[in-house]
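Asker: here is a sequence with its predicted model. Questions after.
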Amino acid sequence: MIFQYSLAQLSNMLSEGQISSIELTQYYLDRIDTLDKDLNSFISVNAAGALLQAKAADEQRAAGNASLLTGVPLAHKDIFCTEGIKTSCGSKMLDNFIAPYDATVVKKLKAAGMVTLGKTNMDEFAMGSSNETSFYGAVRNPWAKDSVPGGSSGGSASAVAARLAPCATGTDTGGSIRQPAALCGITGLKPTYGRVSRYGMIAFASSLDQGGPMTRSAEDAALMLEAMSGFDERDSTSIDRPVDSYAKTLNDDVKGLKIGIPKEFFAEGLDPDVGSCVQAAIDEYQKMGATIVEVSLPNAMLAMPAYYVVAPAECSSNLSRYDGVRFGYRCESPVNLEDLYKRSRSEGFGAEVKRRIMIGTYVLSAGYYDAYYLKAQKLRQLISQDFSRVLEKVDVIMSPTTPTTAFSLGSKTDDPVSMYLSDIYTIGVNLAGLPGISLPAGFAQGKPVGLQIIGDYFREGLLLNMAHKYQQVTDWHQQVPEEFTQ
Amino acid sequence: MTTTWEMVIGLEVHAQLKTKSKIFSGASTAYGAMPNTQACEVDLAMPGVLPVLNREALVMATKFGLAIGAKVAEHSVFARKNYFYPDLPKGYQISQFDLPIVGVGELEIMLGEDHSKIIGITRAHLEEDAGKSLHEDFHGMTGVDLNRAGTPLLEIVSEPDMRSAKEAVAYAKKIHSLVRYLEICDGNMQEGSLRFDANISLRPLGQEKLGTRAEIKNLNSFRFLERAIEYERGRQQDILEAGGTVVQETRLYDVNRQETRSMRSKEEANDYRYFPDPDLLPVVIDSAFIAAVKTTLPELPDEKHQRFISQYGLSSYDASVLTAEQKLAGFYEVVVKTVGSSPKLCANWVMGEFSAALNKQVLELVDSPVSAEALGGLLLRIEDKTISGKIAKQVFEIMWQEKNSADVIIEQQGLKQITDEGAIEGIIDEILINNPTQLTQYREGKDKLFGFFVGQVMKATKGKANPGQVNQLLKQKLQG
């Protein structure tokens, strides 16, 4: 079945003429059309535009100047600006916004010849862990439709899990690629901060946001990451350093590698079934010749409070531009400027976004800055130092991606703190700016479990290599929910 | 007993840096384009866009720091200043807060012949300008023009070291002169390239503690700056003498009514929630960068001022007038070089006839119809006594209109000075014969008539007779 093919296989089929990009694109558009009704993983489907891109890709193939991914379709999280296609960021505020430019990531993947199927659903402005804060409604988890897909890249995760797209882009501020990847049983990688350009990627928390691939497998992630990474002179925080050939190191031996297991990530709060799956995965690595050592990240539990000061602080400022003046939602008949601001923002933003803007405004205000923002930045230092110390001794750190499997829709919407806890193992990685990957490691209660691997700065190649080796000896990543195998 | 009040003034100067493109985007900074035609997606604060620092702005700020003897920070940080306003597209201004690029420095201002004062500069930092709100022509609505949004500004903050409007204006003029010398700001105040905020307070003379201050925002000429300060001094003095207290607030100067008006009080002031901008890395510059910028510095106004005094023997006042503008100083030096001597004569002419002619027609130096070489050519003829200073003024006027050289005009109009003693004597003799009454009166002791005879000689020679010779010969002849 085509939907089971890897990016490399699709690329082969295209280059050998077994299928055209137009046919392949139409195939996925049809799948979206028939299978996404319940899932709601897409906000916009770019049918006509995709077919035009596919036609151009076919012509490029015919002309003999195609690259590896030319003609292969993908979906973009609706946080990436796409010229001519609505970019809503999951918010009523941008329901009418069509960007006049492509995000650098979109541009790069376009340049690689990839075809944009559409824009995927997400938590509003990427603030959420269940995709339930989207203005466009919740997304369902293909493995259990009464459950959430995770968030904020829930639409991308759900779409790839249901094979409505061969791969998708996501963004990760506190776990927004890895957590939904884990809950939907796909592979998702958050690169080192600065590896992927943030230009045109709508900012939530600038010092934490990072785009990355969400794919069926580590091998696919390697190809996609290579195409989307690299220095961008339009992003001052992107890093001028050559991009590794991730595909080339996929099969490197993992024998002799040292894996650190942070005891803090296997403590209270971890679902025992999730714990066993992750343990089994770690055992698998041991069988492949890796060494397992227990390590400690003593400040790991400070990540959550630090994050919920830094991220809201940055978002409160980043979201000030949505004021009803130049673009986006504007309230009906404002009577004066203050009314324009108040109602446009009150009506245009959802509850979770407002909550975080208020928290952020509070922690930055005069008299509280030192107690909250400055202190959180110090915690951030401590958390980074923890990781650095451990990564001097081990090659990677392994843990569960999330403490539980996908939870039921609506079960945590009234309890933000319990919702926030679903990112407890992923948040520290963002605070430290490190790369992390989540890959399928089995099932608990019939729902996917994710294994998280964290590496040192710019060790994406090692993470993909380790994930790929595991996927060579397991088939969790190849499983597709029954309903979507038609 | 009446209190003598001392006014304390500190100035914040906003200088628009004359970079080609904006401080954080590639859009042009040229003035006067159609609204919103010079605002790119970054200036419009579209979703997802990011700022990238214009290196040229950093170079210019560094130049300024070096020129005022300040430490240029090797590590400075851009911070966000958060507030909502329609012409502030991001809802925050990118500025610098606790780690500015330029640290403590100072400037010396001239307050008269041989009387100067040092004004401390607390800091100078880089920031972006906002757009403009247009309240006319929109039928009760407000238009927003974002062409100016993102234009680089250097905000220069002084110590509260000034004590009068005169000092404040002298300081403002010094900054104006300096930024133009450094070629980092065009200094065009009508276009808003240089704007002043004045912090003003009063205290009883002798008291150390500062009084409560009011800040007058956005003054865009030296005259408004002076008037606003004078008005504010009167306003605060009236309040204090009536036993009241001055409210800490921001005020605007109403140019038409020539008064200041309250804009917002301290209580209404925004909490700007400054924090380091996570989109921009800390600015790190090394000593090699600073050294490289240093090599590009021109001779600064103070150095030039000293040199003009020692090299040309000018008074401190003349030197300060001539060096206030780099171009005028350069013009003067070409005049001196052309004449080859008499720097004082050259100074008088450049500051006098020449500057007056420019001012009369509101011309910039570059648009002058008389070049420095041409003016030097004229002065040369005074020097070699071809013409008198008085005739030279006539020649200058003709030069200004006809753009001819002094020599051509002197030749064409026959203005060459008469220095032939015999010729002058002949003219005098004739005048004495034709004015017997006056001659008799003079000889009877009416000395004042000397001027009458000089006038007659000059009239007869159309002013060309050498005045010194006329005086001397006339005296001899009158004595008989």
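Answerer: Okay, I see it.
Asker: show me what from chain B comes close to chain A.
Answerer: Taking CB under 8 Å from any CB of the partner chain as the measure of proximity, chain B contacts chain A at B:41, B:44-53, B:80, B:82, B:84, B:86, B:89-92, B:142, B:144, B:271, B:273-275, B:278-281. Just so you know, the C-beta spots here come from the backbone N, C-alpha and C atoms, and that holds for glycine as well.
Asker: what subset of those is buried?
Answerer: Buried positions within the residues of chain B next to chain A, assessed by neighbour count (16 or more other CB atoms under 10 Å in any protein chain shown), are B:41, B:44-53, B:80, B:82, B:84, B:86, B:89-92, B:144, B:273-275, B:278-280.
Asker: just to revisit the earlier point, just the ones of the residues of chain B next to chain A in strands?
Answerer: The strands in this structure, assigned by DSSP state E, contain B:80, B:82, B:92, B:144, B:275 from those.
Asker: residues touching the second one, list them.
Answerer: Residues counted as contacts of residue B:82 (CB atoms under 8 Å, 6 or more residues apart in numbering or on different chains) are A:316, A:317, A:320, A:364, B:91, B:92, B:272, B:273, B:274.
Asker: give the contact list for the closest residue to the fourth one other than its chain neighbours.
Answerer: By that I understand residue A:364. Using CB to CB, 6 or more residues apart in numbering or on different chains and skipping residues adjacent in sequence, the residue nearest residue A:364 is residue B:273, 3.8 Å away. Contacts for residue B:273 (CB under 8 Å, 6+ apart) come out as A:316, A:317, A:361, A:364, A:365, A:366, A:369, B:80, B:82.
Asker: present the residues you listed as JSON lines; the columns should include secondary structure.
Answerer: Listed next are the contacts of residue B:273 as JSON lines, based on DSSP: H, G, I helix; E, B strand; the rest coil:
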{"residue": "A:316", "secondary structure": "helix"}
{"residue": "A:317", "secondary structure": "helix"}
{"residue": "A:361", "secondary structure": "helix"}
{"residue": "A:364", "secondary structure": "helix"}
{"residue": "A:365", "secondary structure": "coil"}
{"residue": "A:366", "secondary structure": "coil"}
{"residue": "A:369", "secondary structure": "coil"}
{"residue": "B:80", "secondary structure": "strand"}
{"residue": "B:82", "secondary structure": "strand"}
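Asker: out of these, who's nearest residue A:224?
Answerer: Proximity to residue A:224 was ranked across those by CB to CB; first place goes to residue A:317, at 31.1 Å.
Asker: burial count for the closest one?
Answerer: Burial of residue A:317, expressed as a neighbour count using other CB atoms under 10 Å in any protein chain shown, amounts to 26.
Asker: any figure for the gap between it and chain B?
Answerer: For residue A:317, the distance to chain B (CB to the nearest CB, to the nearest Å) stands at 5 Å.
Asker: which parts of the stretch 1-150 of chain B are helices?
Answerer: B:55-67 (DSSP state H, counting those that start in this stretch).
Asker: reformat the contacts of residue B:82 as CSV; add pLDDT.
Answerer: Below are the contacts of residue B:82 laid out as CSV (pLDDT from 0 to 100):
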residue, pLDDT
A:316, 98
A:317, 98
A:320, 98
A:364, 97
B:91, 97
B:92, 98
B:272, 96
B:273, 97
B:274, 97
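Asker: return the member of those nearest to residue A:29.
Answerer: Taking CB to CB as the measure, residue A:29 sits nearest to residue A:320 out of the contacts of residue B:82, at 37.7 Å.
Asker: from the chain's centroid, how far away is stretch A:244-256?
Answerer: In terms of CA atoms, centre = their mean, to the nearest Å, the centre of stretch A:244-256 is found 23 Å from the chain centre.
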